[in-house]
Structures are given as structure tokens and as C-alpha cells.
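K.L.:
Structure for the following, please:
(2 chains)
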Amino acid sequence: MITVFFQQALNGIILGSLYMLVALGLFLIFGILEVTNFAHGEFYMLGAFATLFVMTGLGVPFLPAVVLAMLLMAAFGVLVERVVFRPIVGKPLINGMLLSFGLSTFLTNLALLLFTPDPRKIESAFAQVHLRFLGLHVTLERLLALVVGAALAGFLAYFIQHTKTGKAMRAVAQDRIAAQMAGIPVFRIYAVTFAIGSMLASAAGSMVGAIFLVSPDMGWTVVLKAFIVVILGGMGNIGGIVFASLFIGLVESLGGGFVSYAYKDAYPFLLLVLAFLLRPEGLMGGRKA
Amino acid sequence: MSRGGRWIVGLGVATALLCLPALFSLDYYLHIFVMAGIHAMLAISLGVIIGFTGQVSLCHAAFYGVGAYASALVSLNFGLSFWFSMWVGGLTAGVLSYALGRLVLRLTGHFLAITTAFFGVLVTVVLNNWVPLTKGPMGIPGIPLPRLPAFLGPLAAFESRVAYYYLVLVFVLGVAFLVYRIVGSRLGRALIAIRENEELAQSVGIDTMRYKVFAFTLGGGLAGIAGAFYAHYILFISPVTFTIGESINILVMVIFGGMTTLAGPIVGAAILTILPEFLRMAGALRLVIYGLALMAFIVWMPQGIVGAVRALTVRERPDTPG
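P.N.:
You can find the predicted model right below:
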């Protein structure tokens, strides 16, 4: 029983690290552009398909394919920011929300049309490597998801804290107009933000495609959970997002394993309600945007 | 537009609405009109929350669904007629939206939107999994039609779509009138004050939380009644009708028409129920086009159709408030 518990907990942490990658991108876009990007799940879906096609089309192995897909998706993210979101900068929040719904509908259905609805699997060649320690069982593929998640989150935290672009991003998040007056090219920061967000989502989608499946409708449920992570994380910092996503992953995995699998999609909402009752300012404190 | 002009437009619209079934007598057209009416009720009720009070809610389909299920279950299990079960549907949805409103309306903006979106997901999960009550994904078949006493003759059974059309029309007008009266009252001005500036509204003594909860409850309750109309018209309900996709659909209707007006949601509901029927011939491309159209619309006409029309006529009456 205790082994099962730790096994579920491990799965939950791996799941949480995947949510984290999506949530970090959402958090950046939300913080810097003040847009709730409901189409972020579609970036994740397209990233997974990009990895799949790079692997099957060019015969590239899994990890280089993931990197290549991330670069492709970064370009796609920049394009989307320029064409879709740039025209509504500074408009009421509902405009951005509906715009991203439109984008999400468009991309999902285009993918359904082009890629067919059949679920597919990315063959990473790491799925057959089984690791055991302390009675726990994990495939190398799942472990890789955890490592990639941690590495990207660490890299992002460094980038935001210590590089010039990262500092500019934080400045824009705090006050767009003041940042503009200080000479920060705000629109370029927007493009960088979208590029980073798309790359992280693409990495997450590729990992999910390897561990589970790739299909055109895979984005929608993930994006909602990632939003819950962003809210629970308290909108403060990357640490809050990491903590909240691991927490959501654990709750979903343990709740699904020990309480009721059928209701597992409802747990994040119940958590959210609890969080509102106990800590209205978010789990990690932090400022409220 | 002058007062006389308004009367003429009003009369014209009323005549057109009354004559519609005579002009388009095919069941297919009537079905679209009935659905447009149900959507109009939903859009007006969401308009109260989003347009007049300024609170973004993404779970309207949840209240729609709860109303539909409550009304259907009450009429099937206790043999209650539609005329009672309809109110049960509205009341259940109203109570639920009151409870949710009390809980989440302290949030604003994006946070409120996402939280309500997740509430919508929660309701779908419950509808799918509470099998003993809702029969899960199988749905509930055999919901009875509304009936009037038999002496009223052939119209009494509402078996013809024409009769149902008029029934829905009466309720749409009723709901619109109710909202019209509220918006024109002190209560409505308080709601609009909250939309325009919540802190300022609070500072002049408006109990913003109470008014927001009121708008949320009213909107949810009316959506529940619309749900009852849907259930007793389609005669079968299942969770797939009441997903977040439908919530977004209703939201788009409100925004498309113009959210800060009363006519906007009605116009939006009518157009966005009829227009997609033409897109049916596009087949698999339908939703691709819909997504593109939605994006184009938000970029180029964010104030909605009624808003755009008003912007054209605003020069004629610079000092009359809308």
C-alpha cells in the first residue's frame, strides 16, 4: 500500500512537471501581455505534432526532434503574437480572451482536418528502459519528462532573474508604459514572451506525446489546469508556479488513485475553492495582478 | 432615433416575429427559430452578468444544464408538468449560481473568468459521473412536452413547432422586459456603476458584493429556465450540450451583438444561431471558419453589432444616453 502511494506520488510529480511547463508559459503571457491565452493548449498540441513529424519525416531521434520542434514553435509563437494579439494590445480583457478562444477553435479544427483525429504516439525509444529503485517503477521516458521540466524551469528562472531581456520582461510586467519610457522595446519583449511560452508548451506536448498520445484535441484540458496552477501559484513568481503545479499533479494522481478516478478532473476546482476560502491571495502569497 | 421612430421599429420587429412561422413554415426553419429564442434567453441572462455588471463568467452553460436537468428530472420522477418544473429548473440553477457567486465574486477579471470556467468543467464532470441521478453520458430521454388543459384545442399539446415557437417568444420577451425594467431602475444603475468602476461604486455606498451576487443569481436562474425550455423541447438531454464550449458560444453571442445593450445579446443570439446553419455546407471546415471569423470580429468590431450601428447613428443624437 505504501509503495502504491509513493508510486502514485511519483506519477503525480511527473504529471505536475508537465503542467508546470504549460503553466509557466501562460503565466509569462498573462503577466506581461495581460492576455489569458486559452490557445496555449494548442501550442502544446502543435509542439507535439511538430516533434512527431520531425521524427517521422526527417528521421531525427527524439531529443533533437524535441529541440527542433521547440525552435519551430518559437517562430510560430512570434508569428501569432504579431498577427493575432498585437492588434488588441491595451483592449479590455474579454477581447483577448475571446480572441484566444477563436484562435484555439481555429487551430484545433485545422489540426483535426490536416492531421486526422486518430491519436498517435511518439516513439521515443526511452519507453522500454525501466528503472527501479526502492520498489518504485519508472520508465526512462517519464524520468526524462521530469528532468526536462526541471531543467527548463531552472533555465527560465535564471533567464528572468539575470539576463537583460529577462529584466526587461519583468519591467514590462510591472508597468508597461514606464518600461516603454525607459526605452525598453515593449513589442519585442512581447514577441520574446510568446516565443518562450510556445517553446515551453512545445516541450511539454512532446513529452506527453511520448508518454501518452498525440491528438488534435489534447490541448484544451491541459490549458484549464495550467490556469488553475497560475491562480494557485498566486501570480507572484516562478517558484509559486512550480510549487502549485507539482501540488496539482500530486492531488490529481493521488486523488485519482485513492479517492475516485472518475472525478479526477474536478479536484483542481475543489482545491481552488479551498484556496479561496483559506488564502484569498494565492497559496504562495505574492501580489495579485 | 426619435421616440416615434422607436415605436415604428418596435412594431415592425414585433410583426416580423409574429409572422415568422407563416413565412418559414418548414420544421427545419422553425427549429432554428426556437433555438434562437432559447439562445436569446441565455444571452440576455449572461448579458446581465457580463454586460451590465461587468463580471466575466465562463460557466453559463453549467446553469443552463442544471436547469435542464432539474426540470427534466422533476417532471419525469414526480410527474410534475412543465409549468412547474420550469420554475424548479430556474430555482435550482439560481440557488447554485447564488452559492457560486458568494464564493467567487470577490475575484475579478481573469481570475473570475478562469474560476468560473473550471466550475463549468466541474458541473460537466458531475453530470457525467453521477449516474444514478443523471444517467451519465447516456443522457435522459423521454422528457414530456409542455401541455395546456385539453379544452384549449389543438395548440394545447405544443406538439407543433409553431406552438413552441410562440411559447418561447413570449418568454424571451418576458425576460427581455424584466431585464429592461431592472436596467432602467436604481438597481440597474448600481450594476452599471459596478461595471464602470467598482471601487468608486463602493465608495458611494453601493454594497458591490450584494449587487454582483444578485446579478449572478438572476443570470443563472434565467439560464436555468432557458435550460428547461431546451429540455422540454428537444426531449432528450445529455452532458455534451452543456460543456464549456457552449458557455463560450453564449458569451460570443453576447459580445457579437454588443454586450452593454439589451438588444445586443438578442441580435447576437439570433444571428449566431442562424448564420452557422449556412456554414453547414462547409462541412469539416466549419469550425475553422468560425474560429477565423471570431478572431476577425474581435479585432475589427469589438463593440458588437448593435454597438457599431449605434456608432453610426450617434451623431444624430449626441446628448441622449443609450
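K.L.:
so what pLDDT did residue A:8 get?
P.N.:
Looking at residue A:8, its pLDDT stands at 87.
K.L.:
tell me which element the residue nearest to it when sequence neighbours are not counted is part of?
P.N.:
Leaving aside its chain neighbours, residue A:8 sits nearest to residue A:257 (4.1 Å; criterion: C-beta to C-beta, 6 or more residues apart in numbering or on different chains). Where you see a C-beta, it was placed from the backbone N, CA and C, and this is true even at glycine. Counting by DSSP states H and E, the element that carries residue A:257 is helix A:238-258.
K.L.:
Same question for residue B:268.
P.N.:
Per DSSP H and E: helix B:263-279 holds residue B:268.
K.L.:
So the following helix or strand past that helix, near chain A or not?
P.N.:
Going down the chain from helix B:263-279, the next helix or strand is helix B:286-300, by DSSP H and E. Yes - judged by C-beta under 8 Å from any C-beta of the partner chain, helix B:286-300 comes into contact with chain A at B:286-288, B:290-295, B:297-299.
K.L.:
Would you mind checking those for buried ones?
P.N.:
Buried subset of the residues of helix B:286-300 next to chain A (neighbour count, 16 or more other C-beta atoms under 10 Å in any protein chain shown): B:287-288, B:290-295, B:297-299.
K.L.:
All the helices of the chain, residue numbers only.
P.N.:
You didn't pick a chain, so chain A it is. A:2-33, A:40-58, A:62-80, A:93-115, A:140-162, A:164-174, A:176-181, A:186-211, A:219-232, A:238-258, A:267-278 (DSSP state H).
K.L.:
To clarify, I was referring to chain B.
P.N.:
B:3-23, B:27-47, B:60-78, B:82-104, B:109-129, B:131-134, B:161-184, B:186-196, B:198-203, B:208-234, B:244-257, B:263-279, B:286-300, B:304-313.
K.L.:
Identify each buried residue in the shortest one, please.
P.N.:
Of the residues in helix B:131-134, those buried under the neighbour-count criterion (16+ other C-beta under 10 Å) are residue B:134.
K.L.:
then it to CSV, C-alphas only?
P.N.:
C-alpha atoms of helix B:131-134 as CSV (Å, rounded to 0.1, in the frame of the first residue of the first chain):
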residue,chain,number,x,y,z
VAL,B,131,-25.0,8.1,-12.9
PRO,B,132,-27.9,7.2,-10.5
LEU,B,133,-29.4,10.6,-10.9
THR,B,134,-28.3,11.9,-14.3
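K.L.:
quick one: it near chain A?
P.N.:
No - using C-beta under 8 Å from any C-beta, helix B:131-134 never reaches chain A; the gap is at least 9.3 Å.
K.L.:
so does the least confident helix or strand in chain B by mean pLDDT get close to chain A?
P.N.:
Of all helical and strand segments in chain B, the minimum by mean pLDDT, DSSP states H and E falls on helix B:304-313, at a mean of 78. No - judged by C-beta under 8 Å from any C-beta, helix B:304-313 makes no contact with chain A; its nearest approach is 11.2 Å.
K.L.:
So what's the gap between that helix and the chain middle?
P.N.:
In terms of C-alpha atoms, centre = their mean, to the nearest Å, the centre of helix B:304-313 is found 21 Å from the chain centre.
K.L.:
which helices and strands does that helix pack with?
P.N.:
helix B:244-257, helix B:263-279 (3 or more C-beta pairs under 8 Å, 6 or more residues apart in numbering or on different chains; DSSP states H and E).
K.L.:
switch to 10 Å and redo it
P.N.:
Contacts defined by 3 or more C-beta pairs under 10 Å, 6 or more residues apart in numbering or on different chains; DSSP states H and E place helix B:304-313 against helix B:244-257, helix B:263-279, helix B:286-300.
K.L.:
quick one: contacts of that helix?
P.N.:
Under the contact criterion C-beta atoms under 10 Å, 6 or more residues apart in numbering or on different chains, helix B:304-313 has outside partners B:1, B:51, B:253-268, B:271, B:297, B:300-303, B:317, B:322.
K.L.:
do that again at 8 Å, thanks
P.N.:
B:1, B:255-261, B:263-264, B:267-268, B:271, B:301, B:303, B:322 (C-beta atoms under 8 Å, 6 or more residues apart in numbering or on different chains).
K.L.:
Just the terminal-to-terminal distance for stretch B:147-163.
P.N.:
11 Å (C-alpha to C-alpha, to the nearest Å).
K.L.:
meant to ask about stretch B:268-287
P.N.:
The first-to-last residue distance of stretch B:268-287 comes to 18 Å (C-alpha to C-alpha).
K.L.:
For that stretch, give me every contacting residue.
P.N.:
So stretch B:268-287 is contacted by A:105-106, A:108-109, A:112-113, B:32, B:35-36, B:39-40, B:42-43, B:249, B:252-258, B:289-290, B:304-305 (C-beta under 8 Å, 6+ apart).
K.L.:
List the buried residues for it?
P.N.:
B:268-270, B:272-273, B:276, B:287.
K.L.:
I'd like the distance from stretch A:229-238 to the chain centre, please.
P.N.:
Using C-alpha atoms, centre = their mean, the offset of stretch A:229-238 from its chain centre is 13 Å.
K.L.:
Can I get the residues of helix B:286-300 next to chain A in JSON lines including pLDDT and distance to residue B:235?
P.N.:
Converted to JSON lines, those look like this (pLDDT from 0 to 100; distance: C-beta to C-beta, whole Å):
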{"residue": "B:286", "pLDDT": "84", "distance to residue B:235": "26"}
{"residue": "B:287", "pLDDT": "86", "distance to residue B:235": "27"}
{"residue": "B:288", "pLDDT": "90", "distance to residue B:235": "32"}
{"residue": "B:290", "pLDDT": "88", "distance to residue B:235": "27"}
{"residue": "B:291", "pLDDT": "90", "distance to residue B:235": "31"}
{"residue": "B:292", "pLDDT": "91", "distance to residue B:235": "35"}
{"residue": "B:293", "pLDDT": "89", "distance to residue B:235": "32"}
{"residue": "B:294", "pLDDT": "89", "distance to residue B:235": "31"}
{"residue": "B:295", "pLDDT": "91", "distance to residue B:235": "36"}
{"residue": "B:297", "pLDDT": "88", "distance to residue B:235": "34"}
{"residue": "B:298", "pLDDT": "87", "distance to residue B:235": "36"}
{"residue": "B:299", "pLDDT": "87", "distance to residue B:235": "41"}
